[in-house]
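In: What would the 3D arrangement of this be:
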Amino acid sequence: MTSALAPSKRPAIVTRPYGGVKAEARRQERRQRLLAAGLEAFGHHGYHHTTVRNICDAAGLTERYFYESFKSLRLLFDAVHEQLRDELARLTLPTSEQPHPSPLQQVEASLRAWLSFLQTDPRRARIMLILLKLLHPNLSRHGIELELTAASLNGALLSLARTWAQGGFVYGLDVMVRHCMLVLHGLAAL
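Out: Residues are numbered from 1 along each chain as shown. The predicted structure is shown next:
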């Protein structure tokens with residue numbers, strides 16, 4: 001039985017300003033440092049060779065601050081991946097520089113932006129193109145080539161999406177997700 005006067009096992013959350021900076025701003029700054037360290041570590045060493053300690057060392061923070069922002073290394077990876085996707089989306093959105101580009105010109109501009117995005121910082125490519133390997137790190141043990149599997153999955157998912165769009169989106173989103181997941185469940189069955 002615990003005493004009403006026993007100290008809480010959970011550290012108190014500081015809410016007062018420190019050095020003129022509000023607590024929430026300090027938390028956000030620490031989170032940004034962790035995201036930057038995640039980009040660096042995942043981008044150079046890969047997900048499976050990165051630890052929370054690596055991230056904290058690179059960010060100059062203790063593990064306490066890591067867990068303040070992320071409950072696990074996987075959640076940090078997801079946040080870094082999401083940050084890169086958002087950055088890429090901003091780059092590939094059509095601009096008003098060309099008043100009426102053709103669909104092919106729009107696709108070409110988006111492809112150019114995407115490939116340039118990956119090429120200018122190879123860490124981005126390692127993080128954004130790693131998902132299959134992250135989900136299934138031991139494919140080669142089963143005689144499955146990662147590159148061929150990724151190409152077949154991309155083809156299957158693109159074909160499903162194209163069929164859905166050309167059919168006027170008559171199937172609900174849940175139906176489409178379920179069919180896309182069939183492809184991925186087959187791989188997971190290995």
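In: Heading C-terminal from the helix or strand of the chain with the lowest mean pLDDT, find the next helix or strand.
Out: Within the chain, confidence by mean pLDDT, DSSP states H and E is lowest for helix 131-135 among all helices and strands, at a mean of 66. Going down the chain from helix 131-135, the next helix or strand is helix 146-166, by DSSP states H and E.
In: what is the rounded mean pLDDT of that following helix?
Out: The average pLDDT for helix 146-166 rounds to 82.
In: same deal with stretch 22-41?
Out: In this model, stretch 22-41 has a mean pLDDT of 94.
In: So which bits of it are buried?
Out: Buried residues in stretch 22-41, counted by 16 or more other Cβ atoms under 10 Å: R30, R31, R33, L34, L35, A37, G38, L39, E40, A41. Glycine gets a C-beta too; all of them are placed from N, C-alpha and C.
In: And stretch 50-63, by the same measure?
Out: Neighbour-count burial for stretch 50-63 flags T50, N54, I55, C56, A58, A59, L61 (criterion: 16+ other Cβ under 10 Å).
In: which one of these is nearest L173?
Out: T50 (33.7 Å; Cβ to Cβ).
In: any idea which residue sits dead centre in this protein?
Out: For the chain, H81 is the residue whose C-alpha lies nearest the centre (Cα atoms, centre = their mean; 2.0 Å).
In: Which of the residues in stretch 64-76 are classified as buried?
Out: Burial within stretch 64-76, assessed by neighbour count using 16+ other Cβ under 10 Å, is assigned to Y65, F66, E68, S69, F70, L73, L76.
In: Find the nearest non-adjacent residue to the fourth one, please.
Out: Right, the one you point to is S69. Take S69 and drop its neighbours on the chain: the residue closest to it by Cβ to Cβ, 6 or more residues apart in numbering is R31, 4.4 Å away.
In: measure the residue nearest to T51 when sequence neighbours are not counted to Y47 for me?
Out: Excluding the flanking residues, the one nearest T51 by Cβ to Cβ, 6+ apart is L73, at 7.2 Å. Distance of L73 to Y47, given as Cβ to Cβ, to the nearest Å: 8 Å.
In: can you pull the alpha-carbon coordinates of the helix or strand encompassing I127 into PDB?
Out: Following DSSP H and E, the helix or strand that holds I127 is helix 122-128. These are the backbone C-alpha positions of helix 122-128, laid out as PDB (Å, rounded to 0.1, in the frame of the first residue of the first chain):
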ATOM      1  CA  PRO A 122      21.100  10.100 -50.200                       C
ATOM      2  CA  ARG A 123      20.000   9.800 -46.500                       C
ATOM      3  CA  ARG A 124      16.500  10.500 -47.800                       C
ATOM      4  CA  ALA A 125      16.600   7.600 -50.300                       C
ATOM      5  CA  ARG A 126      17.800   5.200 -47.600                       C
ATOM      6  CA  ILE A 127      14.900   6.200 -45.300                       C
ATOM      7  CA  MET A 128      12.100   6.600 -47.900                       C
END
